[in-house]
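>>> coords below, sequence missing:
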């Protein structure tokens, strides 16, 4: 899980490599890792990746931490609200069944 990008599957957090290379990459910037791993082919690969990302109009300066932090907080609140709602519904249904059977 990428702790810097909160494990999000966004362009800024996707590594175009196999699992073992991804594990080896760790916290290094992908360009640095490409230079280390691809040696003489690094510039070509970096250019191709940059062209692809550019073609998708991705803004690498987006603050994913802020967006994701708010999203996780919102999801937690929604989950808690839904849990309370379902608990209340179950409680009401049990009370109805108890009153019906008496």
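Alright, I've got the coordinates. Being a predicted model, the structure only gives us computed values, none of them experimental.
>>> Sketch out the low-pLDDT regions of the chain for me.
The chain contains residues with pLDDT under 70 at 1-16, 60, 62-65, 102.
>>> Can you give the domain ranges for it?
What automatic domain parsing lists as the domains of the chain is 1-61, 63-102.
>>> How far does the longest helix seen in the chain sit from its chain's centre?
Scanning the chain for the longest helix, with DSSP state H as the assignment, gives helix 64-101. Offset of helix 64-101 from its chain centre (CA atoms, centre = their mean, to the nearest Å): 23 Å.
>>> Check stretch 26-41 too.
Worked out by CA atoms, centre = their mean, stretch 26-41 lies 22 Å from the chain centre.
>>> Return the most buried member of the domains of the chain.
domain 1-61 (a mean of 12; mean count of other CB atoms under 10 Å). Using the backbone N, CA and C atoms, a C-beta is placed for each residue, glycine as well.
>>> Apart from its chain neighbours, what residue comes closest to residue 31?
Nearest-residue entry for residue 31: residue 46, 5.6 Å, with adjacent residues in sequence omitted and distances by CB to CB, 6 or more residues apart in numbering.
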